[in-house]
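J.: Here is a sequence together with a model predicted from it:
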Amino acid sequence: MWIGGKYYSRESFIAEATKFGASRKIGFVPRGLEIHKSKVYLISDLTEEQRKTYQEEMKRRTNLSHTIATEKNRHLAEGEERARPVRTGFGPLPRGDPVVFGYFTVNAIIYVTMHILGIPISLAKLGVKPYYMDNGDFGTNDERGCGSLKDEGVYLISEDNIETIKMLYASPDVYSKEIHIFDKPIPYVGKRFRGIRETDLEVIV
């Protein structure tokens, strides 16, 4: 699973996950995933310093796109469609070298919902547990760098349940024992991807 630079640097993700565990949203439950056994290997290509450069470049490109669109719109004839900001022709974004920097075992899968809605039967059959969440509850207050949990979202978590994550979050001197960070990160040579992909550790190494 790729830890993208929109919300995290490698250091900030490690700090968060080692404090109160990992929680990663997925679009589907991978076939063959086994709770308490399957591992999620974590990839990142941005250190804290590299992420600052990345964000500055993203901001520059966004501003330039809006400036170009604004300039085009100044010369439009009446009735012509207004130009929209576009991000083209800028070249690759500044990034570092991607590495596999650690992993966690999937100790639970949760589905965020409300009591009145429950959990889809198809997810329950896969071993997914409901997390009944109302406004103001843990998960709705941007506790993580990526923000709050999403309604109807499915999450892989490193701890056995959300109650353990709540306890870790609230206890300043207690840390997760389920996050494993490599002393020497492993270079990743594959293509960038979103979400989660099945792989074999031998392929990565």
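T.: Sure, I can see it.
J.: where along this structure do the strands fall?
T.: Taking DSSP state E as the criterion, the chain contains strands spanning 23-26, 39-44, 99-105, 108-113, 129-132, 154-157, 179-187.
J.: Nearest to Ser148, out of those strands?
T.: Closest to Ser148 of those is strand 108-113 (C-beta to C-beta; 9.4 Å). Every residue, glycine included, has its C-beta placed from N, CA and C.
J.: And the lengthiest helix in the chain, what's buried?
T.: Scanning the chain for the helix with the most residues, using DSSP state H, yields helix 48-74. Going by neighbour count (16 or more other C-beta atoms under 10 Å), the buried part of helix 48-74 is 50-51, 54, 58, 61, 65.
J.: shaky segments in the chain?
T.: 76-79, 83-89, 200-205 (pLDDT under 70).
J.: before we move on, the earlier item: so can I have a markdown table of the buried residues of helix 48-74 showing distance to Lys177?
T.: What follows is these, written out as a markdown table (distance: C-beta to C-beta, whole Å):
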| residue | distance to Lys177 |
| --- | --- |
| Gln50 | 29 |
| Arg51 | 27 |
| Tyr54 | 32 |
| Met58 | 36 |
| Arg61 | 41 |
| Ser65 | 45 |
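J.: Among those, which one sits closest to Ala170?
T.: Arg51 (27.8 Å).
J.: Surely that closest one and Lys6 touch.
T.: No: judged on C-beta atoms under 8 Å, Arg51 makes no contact with Lys6 at a distance of 9.4 Å.
J.: gap between the residue lying closest to Asp134 once chain neighbours are set aside and Ser38?
T.: Sequence neighbours aside, Met114 is the residue nearest to Asp134 in space, at 6.7 Å (criterion: C-beta to C-beta, 6 or more residues apart in numbering). Distance, Met114 to Ser38, by C-beta to C-beta, to the nearest Å: 28 Å.
J.: Now for the residue nearest to Asp134: which residues touch it?
T.: Residues counted as contacts of Met114 (C-beta atoms under 8 Å, 6 or more residues apart in numbering) are 132-134, 151.
J.: Most neighbours among the residues you listed, which one?
T.: The most crowded member of the contacts of Met114, judged by other C-beta atoms under 10 Å, is Met133 (21 neighbours).
J.: now that residue: how far from Glu152?
T.: Counting by C-beta to C-beta, the gap from Met133 to Glu152 is 11 Å.
J.: which residues do those two both contact?
T.: When contacts are counted by C-beta under 8 Å, 6+ apart, Met133 and Glu152 have 112-113 as shared neighbours.
J.: so what's Ile3 up against?
T.: Counting by C-beta under 8 Å, 6+ apart, Ile3 has contacts 10, 13, 42-44.
J.: quick one: it and Val189, what's the gap?
T.: As judged by C-beta to C-beta, Ile3 and Val189 stand 17 Å apart.
J.: All good on my end, thank you.
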